[in-house]
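Asks: 3D model of this:
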Amino acid sequence: MTNQTAAPRDMANAIRALAMDAVQQADSGHPGMPMGMADVATVLFSKFLKFDSSEPNWPDRDRFILSAGHGSMLLYALLHLTGYADMTLDELKNFRQLGSRTAGHPEYGHASGIETTTGPLGQGLGNSVGFAIAERLLAERFGRDLVDHFTYVIAGDGCLMEGVGQEAITLAGHLGLGRLIVLFDDNGISIDGATSLSTSEDHKKRFAAAGWHVLAVDGHDADAVARAIRKARNITDRPSLIACKTVIGYGAPTKAGTAATHGSPLGKDEVAGAREKLGWNHGPFDIPEAIFSAWRKIGARGKTARRKWAKRLAEVSAEERTEFARRQRGEIPASVGEAIAAFKAKAAADKPAWATRKSSQEVLEVINPLLPDTIGGSADLTGSNNTKTATLKPVTRGDAGGRYIYYGIREHAMAAAMNGMALHGGVIPYGGTFLVFTDYCRGSIRLSALMGLRVIYVMTHDSIGLGEDGPTHQPVEHLAALRAIPNLRVLRPADAIETAECWQLALESLHTPSVIALTRQNLPTVRGTHDDQDGEENLCARGAYILAGDASASVRLIASGSEVQLALTARDLLAKDGIAASVVSMPSWELFAAQDASYRSTVLGGDGTVRVACEAASSFGWERWLGSRGAFVGMKGFGASAKATDLYKHFGITAEAIAAEARRLAN
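Replies: Modelled structure (predicted):
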């Protein structure tokens, strides 16, 4: 499809040379995978991948995911050779150096053409399922004239061994994601040595059992690779695996095919020997003009397709074009905010005693009809997480018109796929499980935060308040662990009104993922009863606020979520003793920390103010807010199996305990 003036093997050798040279110069990195997969990547980019390096964010480009992120020089070399403006030769020479775009593993946002952050093995594979889901759903909504692309993945043995990889594989097969093509770097080597040391499974049979179309080729035979990709592109009802048998470190005279090429520089003598064996008679970072020109033509080849696409976009109705553009930008229509305000007003009047998981569902019943971007789901806990609303139909193999995904018991793949959907653009993913099972998807939650993605985690059953399921299901340390992740917003609302506000914050946070922690047990409405604030304002947006009382009180009772009601009762108990206390609802530490010092001081009082915090969780981190006269009422160990009311009494998380601590500190 391009008038090359260089042989495919020479073009692949350009990738190998750049990978060898960059790793050698950095004295750090992984040359083996780029050298082994250079032939496969050359075929993919030169003959199939639809992209335009001059417009890297073109919505209808094919997505290329390097799940085996340790081989990052493969991607960086391709981006440089095909003409991505910000991937200069100097960036390659500064591989793995502070401030460069060429980090040790690909980092989303560092350079154009890096579709996702990879490195933790299997994450890119999980992301790719989300990319493919988003492509299918948007194609159903806007038609193939506007949305018509593939997702290609290079994955290694490690990606397939990771648990998230298996979850992703079976989910993709179940949904029949025919535009997902995985190129498996089947080199039989891991860090420890031959993969036979640790695994004996047949990956091809495993994929076939999961409903994939499976092919196997010699990864160094360009024609065979091209035939396989062509076949895979013609399979519309199943994702495809192409197992590419390769030699890790291909071309290295003594280290090829061994673990020695995986994660260390080859060494000067081995690099020199590889140049000789490959017939690459050029200096470090030197690419002959004929080869460089051929690569640049590949980078420009997609201009025609992009211009045709732009013409088709211009020909659709103005309304459709505006909606497509809005969804690509990720903007929330004003009607959503208006509907949330109306919901809050009604909740303030009705004062429902709902579990906040129920409140969340009621808020979603308002949001989802107005915001077609949302794609909901749950990891086999739909009825418990309350994530499905009346207008959402399920996404199935045969019907892409739905907006709800039954992820099955695949928490990690759910989170990874949601990252992929958010990265793809045009959709806003949210998914649910129990808060305790954030442990099962923490790797992907961390990457949501690292990449700055709007992914919404609906985490219910957020404390011992879930009751009889017992300590295996009762989160204790989880809020603290999540709050420790940079750029992750943890939101724990106290009632239906705060839940609505937290959903609004999550939707409006374009570059920050959110965890909304929700109760199983019913809670009273606390807003509109104890406060005299303007109901239009989103008080949760400031992270914490005085819910009851005023700034002059000498005691602050601080709580989040289900414990706010206990703080309010404790305030009444203290009032009987003549102690004036104010109750602070603190749904988000992160948002409160972002406020100016004056506001924080007004809410918490000066450093000498008595502060008692209450949360049915670990105390870890609460010292940040307690000052010199502070105490914490909460969990000191794991939970137990009993009714929620009995558990709160058993563990001493009561209004009486809060009041007692306040009295002790006030005297």
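
Asks: low-confidence ranges, the stretch 451-600 of the chain, go.
Replies: Within the stretch 451-600 of the chain, the stretches with pLDDT under 70 are 529-535.

Asks: ranges for the helices of it?
Replies: Residue ranges of the helices in the stretch 451-600 of the chain, as given by DSSP state H, counting those that start in this stretch, are 478-483, 496-508, 564-576, 589-593, 597-604.

Asks: out of those helices, nearest to Ser335?
Replies: Of all the helices of the stretch 451-600 of the chain, it is helix 496-508 that lies closest to Ser335, at 12.3 Å by CB to CB. For the C-beta atoms, the positions are set from N, CA and C on the backbone; glycine is no exception.

Asks: Phe437 versus the residue lying closest to Tyr406 once chain neighbours are set aside, what's the distance?
Replies: In this structure, Tyr406 finds its nearest non-sequential neighbour in Pro394, 6.0 Å apart by CB to CB, 6 or more residues apart in numbering. With distances taken as CB to CB, to the nearest Å, Pro394 is found 21 Å from Phe437.

Asks: and for Leu392?
Replies: To Phe437, Leu392 is 22 Å away according to CB to CB.

Asks: repeat that for Ala310.
Replies: Taking CB to CB as the measure, Ala310 falls 44 Å from Phe437.

Asks: same question, Leu479
Replies: The value you get for Leu479 to Phe437, if CB to CB is used, is 14 Å.

Asks: likewise for Ile428?
Replies: From Ile428 over to Phe437 the distance is 22 Å, taken as CB to CB.

Asks: and the two? which has more neighbours close in?
Replies: Ile428 (24 against 20; other CB atoms under 10 Å).

Asks: pLDDT below threshold where in the chain?
Replies: The model of the chain has pLDDT under 70 over residues 1-5, 529-535.

Asks: one more time with 90
Replies: 1-6, 528-536, 607, 667 (pLDDT under 90).

Asks: packing partners of the lengthiest strand in it?
Replies: As assigned by DSSP state E, the longest strand anywhere in the chain is strand 610-618. On a contact count with 3 or more CB pairs under 8 Å, 6 or more residues apart in numbering; DSSP states H and E, strand 610-618 meets helix 478-483, strand 555-559, helix 564-576, helix 623-626, strand 630-635, helix 655-666.

Asks: mean neighbour count and distance to Glu135 added to those, as a markdown table?
Replies: As requested, those are arranged in a markdown table below (neighbours: other CB atoms under 10 Å; distance: least, CB to CB, whole Å):
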| stretch | mean neighbour count | distance to Glu135 |
| --- | --- | --- |
| helix 478-483 | 21 | 30 |
| strand 555-559 | 28 | 44 |
| helix 564-576 | 21 | 42 |
| helix 623-626 | 16 | 43 |
| strand 630-635 | 22 | 44 |
| helix 655-666 | 20 | 51 |
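
Asks: can I get these in JSON lines including distance to Asp399?
Replies: Formatted as JSON lines, the helices and strands packed on strand 610-618 follow (distance: least, CB to CB, whole Å):
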{"stretch": "helix 478-483", "distance to Asp399": "35"}
{"stretch": "strand 555-559", "distance to Asp399": "44"}
{"stretch": "helix 564-576", "distance to Asp399": "42"}
{"stretch": "helix 623-626", "distance to Asp399": "48"}
{"stretch": "strand 630-635", "distance to Asp399": "44"}
{"stretch": "helix 655-666", "distance to Asp399": "50"}
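
Asks: ok, which of these comes nearest Gly606?
Replies: Among those, the nearest to Gly606 by CB to CB is strand 555-559 (10.3 Å).

Asks: His511 and Gly452 touch, don't they?
Replies: Yes - the criterion here is CB atoms under 8 Å, and His511 meets it with Gly452 at 4.0 Å.

Asks: which of the two has more neighbours?
Replies: Set His511 next to Gly452 and count neighbours by other CB under 10 Å: Gly452 wins out with 15 against 12.

Asks: how about the helices in the stretch 301-450 of the chain?
Replies: 303-315, 318-329, 334-350, 356-367, 382-385, 411-424, 442-451.

Asks: out of those, which is the most enclosed?
Replies: helix 411-424 (a mean of 29; mean count of other CB atoms under 10 Å).

Asks: now Ser72: which helix or strand?
Replies: Per DSSP states H and E, Ser72 falls inside helix 72-82.

Asks: what's that helix packed up against?
Replies: With contacts taken as 3+ CB pairs under 8 Å, 6+ apart, helix 72-82 sits against helix 8-26, helix 32-43, strand 63-66, helix 89-93, helix 289-300.

Asks: and the helices in the stretch 51-200 of the chain?
Replies: Under DSSP H, counting those that start in this stretch, the stretch 51-200 of the chain gives helices at 72-82, 89-93, 123-142, 157-161, 163-175.

Asks: could I get those as JSON lines with distance to Arg403?
Replies: JSON lines is the format used below for the helices of the stretch 51-200 of the chain (distance: least, CB to CB, whole Å):
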{"stretch": "helix 72-82", "distance to Arg403": "32"}
{"stretch": "helix 89-93", "distance to Arg403": "40"}
{"stretch": "helix 123-142", "distance to Arg403": "7"}
{"stretch": "helix 157-161", "distance to Arg403": "29"}
{"stretch": "helix 163-175", "distance to Arg403": "14"}
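
Asks: I'd like these written out as a markdown table, with distance to Ala6 and mean neighbour count added.
Replies: As requested, these are exported to a markdown table (distance: least, CB to CB, whole Å; neighbours: other CB atoms under 10 Å):
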| stretch | distance to Ala6 | mean neighbour count |
| --- | --- | --- |
| helix 72-82 | 11 | 27 |
| helix 89-93 | 18 | 17 |
| helix 123-142 | 29 | 27 |
| helix 157-161 | 31 | 22 |
| helix 163-175 | 35 | 24 |
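
Asks: Asp218 is nearest to which of those?
Replies: That would be helix 157-161 among the helices of the stretch 51-200 of the chain, by CB to CB, at 17.3 Å.

Asks: restrict that closest one to CA atoms and write it as CSV.
Replies: The C-alpha trace of helix 157-161 is given here as CSV (Å, rounded to 0.1, in the frame of the first residue of the first chain):
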residue,chain,number,x,y,z
ASP,A,157,4.2,-14.1,27.3
GLY,A,158,4.0,-12.1,30.5
CYS,A,159,0.8,-10.3,29.4
LEU,A,160,-0.8,-13.7,28.8
MET,A,161,0.3,-15.1,32.1
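
Asks: residues touching it, excluding its own?
Replies: For helix 157-161, contacts defined as CB atoms under 8 Å, 6 or more residues apart in numbering pick out 67-68, 121-122, 124-125, 165-166, 169, 184-190, 195, 198-199, 203, 206.

Asks: please check those and keep the buried ones.
Replies: Neighbour counting with 16 or more other CB atoms under 10 Å marks 67-68, 121-122, 124-125, 165-166, 169, 184-187, 189-190, 195, 203, 206 as buried within the contacts of helix 157-161.

Asks: my guess is Glu365 meets Ala390, correct?
Replies: Yes - Glu365 lies in contact with Ala390 (CB under 8 Å); the separation is 6.5 Å.

Asks: of all the helices of the stretch 451-600 of the chain, which one is nearest Ser46?
Replies: Of all these, it is helix 496-508 that lies closest to Ser46, at 41.2 Å by CB to CB.

Asks: now do that closest one: everything it contacts.
Replies: 332, 336-337, 340, 343-344, 347-348, 352, 354, 356, 359-360, 362-364, 367, 371, 428, 430, 454, 456, 489, 491, 493, 514, 516, 518, 525-528, 538-541, 585, 587-588, 591.
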